[in-house]
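*Asks:* Fold the following.
(2 chains)
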Amino acid sequence: MPPNILLDQTVTEIYREHHRWLTHWLNRKLGNSFDAADLAQDTFTRLLKSSKVLSLGNESRAFLTHIAKGLVIDHWRRLDVENAYLEAIAHLPAATAPSPETRALIIETLLQIETMLAKLSPRTREIFLLAQVDQLTLAQIADQVNVPVITVRRHIQKALLTCMTVL
Amino acid sequence: MSDFDAKLLKEAADWVMTLHYGHAGDKERIAFENWRQQSPAHGAAWARAESVVGIFQKLPSGIGKDALQTLHSSGRRRSLRLLGMFLVAAPAGLLTWRQLPWEQWTADFATATGESKSIMLADGTQLVLNTASAVNIKYTRTERRIQLAKGELLITTHSDPSPTYRPFLVETPQGEVQALGTRFSVRRLDDKTRVAVFKDTVEIRPQSGIPQKLSAGQQTIFTDQEVHAPTSVENSATLWEQGMLLAKNMRLSDVVAEMGRYRTGILRCHSDVAEMRVSGSISLSNTDAGLALLEQSLPLRVETATRYWVMLRAK
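*Replies:* Numbering: from 1, shown residues only, chains lettered A, B, ... in the order given. Now for the predicted structure:
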């Protein structure tokens, strides 16, 4: 059998067998059937693109759960970021609030920053944010977090390098 | 990333530290340029370092900072609690943006009333946004273009690291201003644009008028038709960058109009004090203190109905 027909068949079988419980599982996690249906769809799309799909055997359920868990976490992260964004603009007068395009751009940027920062220790992250977001000088940061300037410098350098590998 | 040499990434991070946090002079800049141009891989490692630094600059200062603080103060668990009752559909624009390559994003910056913001662009050019201002930054392979959507902007250009020449342009509805290696400010008035030059020269090109050059120490106004005759400007005109207004024999009504740009609500002066002359330095970053100073030094009183409705009257 040519591989793509085999792939079609395999995915169709997996879909038939697992779609129902997966949607149910997602619905329980998310408490919302629209998001659950969306994420179930995304889960199968990921499965289809995965190189492992043909060799799953009876591991399908575990693999689907693994993918779905990742998507649920992403979904939560996005909600977190969207909430934080909404809170941040809550006090702005309507006229100065960003347009929908800018809003989408800001949320996307925040998500990328979150992904980069996730790999940093809390201390390094705090120092890096003081440098990049508050634009404080090394000396000002040293004052604020009460460590020597050279340590501040080391934290920022480490953060930069980590972010560069994540981005 | 496996396709990046870890050693090059580390060197790029070291250069960020030297250029941003050291006292880099010409010697360091030349050494840096030599390093960067050693190979395409060096250039790519540097581009990666720049995009890490650049990503933070894409956030509008207030909003980005507040949002990141919220995210890190309360941790991830917030969403678990909120989940189920807080249902947001992803904005339609999101997907479109996501599909755009990173390089094609155009950065937008804005400041709220009373806020100012300094931005260092990838080519080393420094922008300072004054109160209630907004810009779109559009750098392409052939030009460096800043659209001033509203408010006022102070620019200090830096020689472009790009190997090909890219003119630096500031655009308003009335026309554009090209920097010829320089420090200058551009401010939008209702249907005019005001330009002041503090170093070197700029060329003003109205939409449908004759282009004209303006040199250091000069300021002028232009419409889409013509450039007005230049008048002189002093360096103190950029003191708003430090949150100060330096008044020299200025009409009180002008001072009040200027201060009004930095606070929300309405700030006015009565006609019987409008012609009073004011000299001295007045805080723009804290306009309440500025008003208190005026009240102390001039025969007038500040009438405050609410914080958003302030009137200056004769004593």
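*Asks:* Please count neighbours and contacts with C-alpha atoms only from this point.
*Replies:* Will do.
*Asks:* Read off the pLDDT value for residue B:42.
*Replies:* pLDDT, residue B:42: 90.
*Asks:* Tell me how many other residues crowd it.
*Replies:* Residues near residue B:42, counting by other Cα atoms under 10 Å in any protein chain shown, number 20.
*Asks:* Wait, it touches residue B:36, no?
*Replies:* Yes - counting by Cα atoms under 8 Å, residue B:36 is a contact partner of residue B:42 at 5.2 Å.
*Asks:* where does chain A dip in pLDDT?
*Replies:* Low-confidence segments of chain A (pLDDT under 70): A:1-4, A:91-96.
*Asks:* Just give me the residue closest to the centre of it.
*Replies:* Nearest to the geometric centre of chain A sits residue A:74, at 3.9 Å (Cα atoms, centre = their mean).
*Asks:* name the element that residue belongs to?
*Replies:* helix A:60-89 (DSSP states H and E).
*Asks:* Can you tell me how far the closest residue to residue B:143 other than its chain neighbours is from chain A?
*Replies:* Spatially, and ignoring its direct neighbours in sequence, residue B:143 is nearest to residue B:166 (4.3 Å; Cα to Cα, 6 or more residues apart in numbering or on different chains). Separation of residue B:166 from chain A (Cα to the nearest Cα, to the nearest Å) stands at 26 Å.
*Asks:* so how far is residue B:205 from residue B:166?
*Replies:* Using Cα to Cα, to the nearest Å, we find residue B:166 at a distance of 17 Å from residue B:205.
*Asks:* Tell me if residue B:304 really is in a strand.
*Replies:* Yes - counting by DSSP: H, G, I helix; E, B strand; the rest coil, residue B:304 is found in a strand.
*Asks:* okay, now residue 116: neighbour count?
*Replies:* You didn't say which chain, so I picked chain A. Count around residue A:116 with other Cα under 10 Å applied: 20.
*Asks:* that answer is for a different chain, and I need it for chain B
*Replies:* Around residue B:116 there are 23 residues (other Cα under 10 Å).
*Asks:* got a list of what the closest residue to it other than its chain neighbours touches?
*Replies:* Setting aside the residues directly before and after it, residue B:116 is nearest to residue B:130 in space (Cα to Cα, 6+ apart), at 4.7 Å. Neighbour list for residue B:130: B:111, B:115-117, B:151-154, B:240-241 [criterion: Cα atoms under 8 Å, 6 or more residues apart in numbering or on different chains].
*Asks:* Could you do residue A:116 as well?
*Replies:* If you count contacts by Cα under 8 Å, 6+ apart, residue A:116 has them with A:162-163, A:166-167.
*Asks:* Let's see that with 10 Å instead.
*Replies:* A:110, A:125, A:159-160, A:162-167, B:52 (Cα atoms under 10 Å, 6 or more residues apart in numbering or on different chains).
*Asks:* Now the buried members of those.
*Replies:* Neighbour counting by 16 or more other Cα atoms under 10 Å in any protein chain shown classes A:110, A:125, A:159-160, A:162-166, B:52 among these as buried.
*Asks:* From those, pick the one nearest residue A:36.
*Replies:* Proximity of the buried ones among the contacts of residue A:116 to residue A:36 (Cα to Cα) peaks at residue A:110, which lies at 24.1 Å.
*Asks:* Residue B:68 is in contact with the closest one, correct?
*Replies:* Yes - under the criterion of Cα atoms under 10 Å, residue A:110 makes contact with residue B:68 at 7.6 Å.
*Asks:* quick one: residue B:6 and chain A, what's the gap?
*Replies:* 9 Å.
*Asks:* where does residue B:38 land in three-state SS?
*Replies:* Residue B:38 ends up coil, using three-state DSSP.
*Asks:* most surrounded residue in the contacts of residue B:130?
*Replies:* So for the contacts of residue B:130 (other Cα under 10 Å), the most neighbours sit at residue B:153, 27 neighbours.
*Asks:* and the residue of the stretch 151-300 of chain B found nearest chain A, which of the three is it?
*Replies:* Closest residue of the stretch 151-300 of chain B to chain A, Cα to the nearest Cα: residue B:264 (9.8 Å). Under three-state DSSP, the three-state class of residue B:264 is coil.
*Asks:* surely it meets residue B:309?
*Replies:* Yes - Residue B:264 lies in contact with residue B:309 (Cα under 10 Å); the separation is 9.2 Å.
*Asks:* joint contacts of residue A:110 and residue B:68?
*Replies:* With Cα under 10 Å, 6+ apart as the test, residue A:110 and residue B:68 both reach A:81, A:84-85.
*Asks:* near chain B, which of these show up?
*Replies:* A:81, A:84-85 (Cα under 10 Å from any Cα of the partner chain).
*Asks:* Of the residues you listed - the most surrounded one?
*Replies:* residue A:81 (25 neighbours).
*Asks:* So is stretch A:45-60 next to chain B?
*Replies:* No - Stretch A:45-60 is not in contact with chain B by Cα under 10 Å from any Cα; minimum separation 16.3 Å.
*Asks:* And the residue nearest to residue B:143, how far from residue B:203?
*Replies:* Taking Cα to Cα, one finds residue B:166 at 15 Å from residue B:203.
*Asks:* returning to what we had before: next, the angle helix A:60-89 makes with the helix or strand that the helix holding residue A:74 is followed by.
*Replies:* Where DSSP H and E defines the elements, the next helix or strand beyond helix A:60-89 is helix A:100-117. Here the directions of helix A:100-117 and helix A:60-89 differ by 120 degrees (axes from the mean of the first three to the mean of the last three Cα atoms, to 10 degrees).
*Asks:* Just the buried positions in helix A:100-117, please.
*Replies:* Buried residues in helix A:100-117, counting neighbours by 16+ other Cα under 10 Å, are found at A:102-114, A:116-117.
*Asks:* Run through the helices of chain B in chain order.
*Replies:* Taking DSSP state H as the criterion, chain B carries its helices at B:6-16, B:26-36, B:40-57, B:61-74, B:77-82, B:93-99, B:252-260, B:287-297.
*Asks:* Columns distance to residue A:16 on top of those, output as a markdown table?
*Replies:* As requested, the helices of chain B are arranged in a markdown table below (distance: least, Cα to Cα, whole Å):
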| stretch | distance to residue A:16 |
| --- | --- |
| helix B:6-16 | 45 |
| helix B:26-36 | 55 |
| helix B:40-57 | 43 |
| helix B:61-74 | 39 |
| helix B:77-82 | 30 |
| helix B:93-99 | 29 |
| helix B:252-260 | 66 |
| helix B:287-297 | 67 |
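*Asks:* Looking at those helices, spot the one closest to residue B:228.
*Replies:* Of all these, helix B:252-260 comes closest under Cα to Cα, at 20.6 Å.
*Asks:* What helices and strands are in contact with that closest one?
*Replies:* Here helix B:252-260 touches strand B:244-251, strand B:266-269, strand B:277-283, helix B:287-297, strand B:309-314, going by 3 or more Cα pairs under 10 Å, 6 or more residues apart in numbering or on different chains; DSSP states H and E.
*Asks:* Dump those to TSV, plus mean pLDDT, distance to residue B:235 and mean neighbour count.
*Replies:* Shown next, in TSV, are the helices and strands packed on helix B:252-260 (pLDDT from 0 to 100; distance: least, Cα to Cα, whole Å; neighbours: other Cα atoms under 10 Å in any protein chain shown):
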stretch	mean pLDDT	distance to residue B:235	mean neighbour count
strand B:244-251	82	10	17
strand B:266-269	85	27	18
strand B:277-283	82	14	17
helix B:287-297	85	21	15
strand B:309-314	86	29	17
